[in-house]
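Visitor: okay, predicted coordinates and the sequence, questions at the end:
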Amino acid sequence: MRAIIQEKYGTPTVLKVGEMNRPKPKDDEVLIELEYANVSSGDARVRALNESLVIKFMMKLIFGWSGLRKKIPGASGSGIIKEIGSNVTKFQVGDRVYSINGMKLGHYAEYITIKEKGAIAKIPDNITFKEAAPLSFGALTAYHFINKKTIMKNQNVLIYGASGSVGTYAVQLAKYYGAFVTAVSSKKNHQILKEIGADDTIDYKTIDFRTLDKQYDVIFDAVGFINKKSCRKVLVGKGLFLSVKSMTSEKQTLLKEINEIVKTGNLKTIIDKEFPFSEIVQAHEYIDTGHKVGNVVLSIKQGHHHKN
C-alpha cells in the first residue's frame, strides 16, 4: 500500500511517499481503507520535534529515537471498514468511520488497523469523509474542555486561538451550550468565526483581551500560548481557565457524544485546504505557516492510486 514514511525528524521534506505492507487486523481490530487523513498541528509537532529538551526526550521515547518507530505518521482520519477481526461485533464491513490512533499514528496511508474498543466511531449520515477526518482530533480536543460540565447557559466564554482546528470546534460547542462567545483571532478570520457562532471577536494583534475591563466565566486557550496567572484580572472569581496544554483523552464514548451534536447540525468542520496524497510536504509547509483556518486534510485517493 502507499504510505507517507517518516524516517527522521525535521522539516516537511522528511515526509516521503513510499510503499509499506498492508496491515492485517487482529481478532479485536478493524481494517480501514482510508479516504482522508487530517493534517494537524499535532502531526507537525511530531514531525519537527521542535521542542524543549525535556519534551523532545519524552517524545522520542514515545515515537522513536531517531525517527518514527512505526514509520507512518498521521494521528487521525476517516474511511471505510474493509475487514473485521473474528471477535469484532460493534462494526461491520462497509461502515463509514473516523478514528484517532493515539501514539501509534498511521493515518497517512491507504490502510490502517484500529482496535474495536479504540477511539473509532461511525460517521454521522449528515457529513462527508472529508468533514469527519478532523473530528477525532480537533472536535475531540475541544469537547474534552468545552462540554455540558464546564459551560452553562448565558455564561461569558472566551476562546483564545479561535480560528484553528480546536478553536473553531470550541466556538461552536460553547454556542451549542448557550454561552455568549468571544473569539480571539487575527482580524481576517473574524467573519468566519461570526458565521459559526461567535457573538464577539477580538483581534489579538491590536488588543490584548487581558487588559480589557471585562470578565469571563470561562477562558479556553485553544493553542496553549497563555496561562491562568496572566488572565486573573479578566476571569470572574471562581471562573474556569482551560488550556490545551493539559492532557486530553481519546475515548470512543466521547466520539459518540460528539456524533450526537454533529447530527443536530450544530458542529461543523471548517476545511481550509485539501491536498492530494502526493503533496504531503506542501500540506505540512502550510501547517507550519500557522495561518490555517480550521482544518487541513489529505486526500488519500487523489492522484494515482494502486492497491496491494
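Guide: Happy to help now that I have it.

Visitor: and the pLDDT at V39?
Guide: At V39, the pLDDT value in this model is 98.

Visitor: correction: the previous question concerned G303.
Guide: We have a pLDDT of 58 for G303.

Visitor: ok, the residue nearest to M1 when sequence neighbours are not counted - contacts?
Guide: Using C-beta to C-beta, 6 or more residues apart in numbering and skipping residues adjacent in sequence, the residue nearest M1 is E110, 4.1 Å away. Glycine gets a C-beta too; all of them are placed from N, C-alpha and C. When contacts are counted by C-beta atoms under 8 Å, 6 or more residues apart in numbering, E110 touches 1-3, 22, 33-34, 300, 307.

Visitor: neighbours around L212, how many?
Guide: Applying other C-beta atoms under 10 Å, we find 14 other residues in the vicinity of L212.

Visitor: how near is the most far-flung residue of the chain relative to its centre to N154?
Guide: Computed with C-alpha atoms, centre = their mean, the residue of the chain farthest from its C-alpha average is D213, at 33.0 Å. In this view, D213 and N154 are 20 Å apart by C-beta to C-beta, to the nearest Å.

Visitor: which parts of the chain are strands?
Guide: For the chain, the strands defined by DSSP state E occupy 2-6, 15-19, 29-39, 76-84, 96-100, 111-115, 119-122, 156-160, 180-185, 200-203, 216-221, 235-243, 271-276, 295-299.

Visitor: just want the angle from the last one to strand 271-276.
Guide: If you take axes from the mean of the first three to the mean of the last three C-alpha atoms, to 10 degrees, strand 295-299 sits at 20 degrees to strand 271-276.

Visitor: only C-alpha atoms, please: export strand 295-299 in CSV.
Guide: Extracted in CSV, the C-alpha atoms of strand 295-299 (Å, rounded to 0.1, in the frame of the first residue of the first chain):
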residue,chain,number,x,y,z
ASN,A,295,-8.6,22.2,9.3
VAL,A,296,-6.3,20.9,6.6
VAL,A,297,-7.0,17.4,5.1
LEU,A,298,-5.1,15.0,2.9
SER,A,299,-7.0,13.1,0.2
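
Visitor: touching that strand from outside, list them.
Guide: Counting by C-beta under 8 Å, 6+ apart, 35-40, 74, 108, 130, 133-134, 138, 165, 168, 269-277, 280, 283, 286-287 sit against strand 295-299.

Visitor: and the residues you listed, which are buried?
Guide: Burial by neighbour count, 16 or more other C-beta atoms under 10 Å: within those this picks out 35-40, 74, 108, 130, 133-134, 138, 165, 168, 269-275, 277, 280, 283, 286-287.

Visitor: about what we covered before: now do the contacts for the residue farthest from the centre of the chain.
Guide: Taking C-beta under 8 Å, 6+ apart, one finds nothing in contact with D213.

Visitor: just the buried subset of the contacts of E110, written out for ChimeraX, thanks.
Guide: The ChimeraX selection below is limited to those of those classed as buried (16+ other C-beta under 10 Å):
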select :1,2,3,22,33,34,300
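
Visitor: between the contacts of E110, which sits nearest H144?
Guide: Nearest to H144 among the contacts of E110, counting by C-beta to C-beta, is L34 at 24.2 Å.
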